[in-house]
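Colleague: Predicted model, plus sequence, below.
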Amino acid sequence: MDDYPLLNLFWTMLWFFLWVMWFFLLFKVVTDIFRDHSLSGWAKAGWLVFVLVLPYLGVLVYLGVRGRSMAERDEKQAREHEDAVRQYIQRTAGSGSGSVDELHKLSVLRDKGDLSQEEFERVKTKLLA
(Lines give C-alpha, C1' and ligand atoms only; values in the text may rest on other atoms or scores of the structure.)
Protein backbone atom coordinates (compact mmCIF):
# COMPACT_ATOMS: atom_id res chain seq x y z
CA MET A 1 0.00 0.00 0.00
CA ASP A 2 3.04 2.26 0.25
CA ASP A 3 3.25 2.72 -3.52
CA TYR A 4 -0.45 3.64 -3.91
CA PRO A 5 -1.01 7.05 -2.28
CA LEU A 6 -4.31 8.18 -0.82
CA LEU A 7 -4.94 10.62 -3.66
CA ASN A 8 -4.68 7.79 -6.21
CA LEU A 9 -7.18 5.80 -4.17
CA PHE A 10 -9.52 8.81 -4.20
CA TRP A 11 -9.22 9.15 -7.99
CA THR A 12 -9.79 5.42 -8.48
CA MET A 13 -12.95 5.54 -6.35
CA LEU A 14 -14.15 8.64 -8.21
CA TRP A 15 -13.67 7.04 -11.61
CA PHE A 16 -15.34 3.83 -10.42
CA PHE A 17 -18.31 5.83 -9.11
CA LEU A 18 -18.62 7.71 -12.41
CA TRP A 19 -18.41 4.42 -14.32
CA VAL A 20 -21.25 2.94 -12.23
CA MET A 21 -23.33 6.10 -12.66
CA TRP A 22 -22.72 5.93 -16.42
CA PHE A 23 -24.17 2.43 -16.55
CA PHE A 24 -27.21 3.53 -14.54
CA LEU A 25 -27.77 6.35 -17.04
CA LEU A 26 -27.27 4.02 -20.00
CA PHE A 27 -29.78 1.49 -18.64
CA LYS A 28 -32.25 4.29 -17.86
CA VAL A 29 -32.06 5.54 -21.45
CA VAL A 30 -32.42 2.05 -22.93
CA THR A 31 -35.47 1.28 -20.77
CA ASP A 32 -36.97 4.65 -21.69
CA ILE A 33 -36.55 3.86 -25.39
CA PHE A 34 -38.63 0.71 -25.00
CA ARG A 35 -41.16 2.34 -22.66
CA ASP A 36 -42.00 5.19 -25.03
CA HIS A 37 -45.18 4.34 -26.92
CA SER A 38 -44.95 7.38 -29.20
CA LEU A 39 -41.87 5.99 -31.00
CA SER A 40 -42.30 3.56 -33.85
CA GLY A 41 -40.42 0.29 -33.92
CA TRP A 42 -37.87 1.62 -36.40
CA ALA A 43 -37.28 4.74 -34.33
CA LYS A 44 -36.72 2.59 -31.24
CA ALA A 45 -34.27 0.41 -33.18
CA GLY A 46 -32.45 3.50 -34.47
CA TRP A 47 -32.10 5.06 -31.04
CA LEU A 48 -30.99 1.74 -29.56
CA VAL A 49 -28.30 1.24 -32.22
CA PHE A 50 -27.16 4.85 -31.79
CA VAL A 51 -26.94 4.47 -28.00
CA LEU A 52 -25.12 1.13 -28.17
CA VAL A 53 -22.69 1.91 -31.02
CA LEU A 54 -21.76 5.42 -29.86
CA PRO A 55 -22.74 5.22 -26.19
CA TYR A 56 -21.48 8.57 -24.86
CA LEU A 57 -22.68 10.60 -27.80
CA GLY A 58 -25.89 8.57 -28.14
CA VAL A 59 -26.92 9.01 -24.51
CA LEU A 60 -26.10 12.72 -24.49
CA VAL A 61 -28.03 13.31 -27.73
CA TYR A 62 -30.97 11.23 -26.46
CA LEU A 63 -31.11 13.24 -23.23
CA GLY A 64 -30.93 16.47 -25.18
CA VAL A 65 -33.62 15.53 -27.68
CA ARG A 66 -35.98 13.42 -25.57
CA GLY A 67 -35.05 14.33 -21.98
CA ARG A 68 -38.19 16.35 -21.28
CA SER A 69 -40.52 13.63 -22.51
CA MET A 70 -38.46 11.09 -20.56
CA ALA A 71 -39.20 13.03 -17.35
CA GLU A 72 -42.89 13.29 -18.28
CA ARG A 73 -43.08 9.51 -18.76
CA ASP A 74 -41.43 8.99 -15.37
CA GLU A 75 -43.95 11.32 -13.72
CA LYS A 76 -46.87 9.63 -15.48
CA GLN A 77 -45.69 6.18 -14.42
CA ALA A 78 -45.22 7.34 -10.81
CA ARG A 79 -48.73 8.88 -10.79
CA GLU A 80 -50.28 5.70 -12.21
CA HIS A 81 -48.46 3.58 -9.65
CA GLU A 82 -49.54 5.88 -6.81
CA ASP A 83 -53.16 5.84 -8.02
CA ALA A 84 -53.12 2.04 -8.26
CA VAL A 85 -51.77 1.75 -4.72
CA ARG A 86 -54.35 4.24 -3.42
CA GLN A 87 -57.20 2.37 -5.14
CA TYR A 88 -55.95 -0.94 -3.77
CA ILE A 89 -55.77 0.46 -0.24
CA GLN A 90 -59.23 2.00 -0.50
CA ARG A 91 -60.69 -1.20 -1.94
CA THR A 92 -59.04 -3.35 0.71
CA ALA A 93 -59.85 -1.07 3.62
CA GLY A 94 -63.37 -0.40 2.34
CA SER A 95 -64.33 -4.08 2.16
CA GLY A 96 -63.84 -4.64 5.88
CA SER A 97 -65.41 -1.42 7.09
CA GLY A 98 -68.57 -1.93 5.02
CA SER A 99 -69.69 -4.94 7.05
CA VAL A 100 -68.78 -3.14 10.28
CA ASP A 101 -70.97 -0.20 9.26
CA GLU A 102 -73.80 -2.54 8.33
CA LEU A 103 -73.55 -4.33 11.67
CA HIS A 104 -73.65 -1.01 13.48
CA LYS A 105 -76.77 0.03 11.56
CA LEU A 106 -78.39 -3.32 12.34
CA SER A 107 -77.53 -2.92 16.01
CA VAL A 108 -79.12 0.52 16.08
CA LEU A 109 -82.26 -0.85 14.40
CA ARG A 110 -82.41 -3.72 16.92
CA ASP A 111 -81.95 -1.32 19.85
CA LYS A 112 -84.76 0.90 18.55
CA GLY A 113 -87.00 -2.14 18.28
CA ASP A 114 -87.34 -2.09 14.50
CA LEU A 115 -85.65 -5.51 14.24
CA SER A 116 -86.24 -8.55 16.36
CA GLN A 117 -83.32 -10.47 17.83
CA GLU A 118 -83.89 -13.37 15.39
CA GLU A 119 -83.88 -11.05 12.35
CA PHE A 120 -80.75 -9.37 13.67
CA GLU A 121 -78.95 -12.70 14.07
CA ARG A 122 -80.02 -13.90 10.63
CA VAL A 123 -78.78 -10.76 8.84
CA LYS A 124 -75.62 -10.72 10.95
CA THR A 125 -74.70 -14.26 9.88
CA LYS A 126 -75.28 -13.28 6.24
CA LEU A 127 -72.99 -10.26 6.59
CA LEU A 128 -70.24 -12.19 8.33
CA ALA A 129 -70.38 -15.11 5.90
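Modeller: Sure, I can see it. Small disclaimer: the values here were computed from a predicted structure and weren't measured. Residues are numbered from 1 along each chain as shown.

Colleague: got a list of contacts for stretch 21-40?
Modeller: For stretch 21-40, contacts defined as CB atoms under 8 Å, 6 or more residues apart in numbering pick out 44, 47-48, 51, 55, 58-59, 62-63, 66, 69-70, 73, 77. To be clear about C-beta, it is placed using only N, CA and C from the backbone, and glycine gets the same treatment.

Colleague: Break down the protein into its helices, ranges please.
Modeller: 6-35, 41-53, 55-112, 117-128 (DSSP state H).

Colleague: Any chance of JSON lines for the ones you listed, columns mean neighbour count?
Modeller: Putting the helices of the chain into JSON lines (neighbours: other CB atoms under 10 Å) gives the following:
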{"stretch": "helix 6-35", "mean neighbour count": "12"}
{"stretch": "helix 41-53", "mean neighbour count": "13"}
{"stretch": "helix 55-112", "mean neighbour count": "12"}
{"stretch": "helix 117-128", "mean neighbour count": "12"}
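
Colleague: picking that back up, farthest-apart pair in the contacts of stretch 21-40, please.
Modeller: Farthest-apart pair in the contacts of stretch 21-40 is P55 and Q77; separation 24.5 Å (CB to CB).

Colleague: Now for L7: which residues touch it?
Modeller: Residues near L7 by CB under 8 Å, 6+ apart: none.

Colleague: Now stretch 60-68: average pLDDT?
Modeller: For stretch 60-68, mean pLDDT is 92.

Colleague: Thanks again, I'm all set now.
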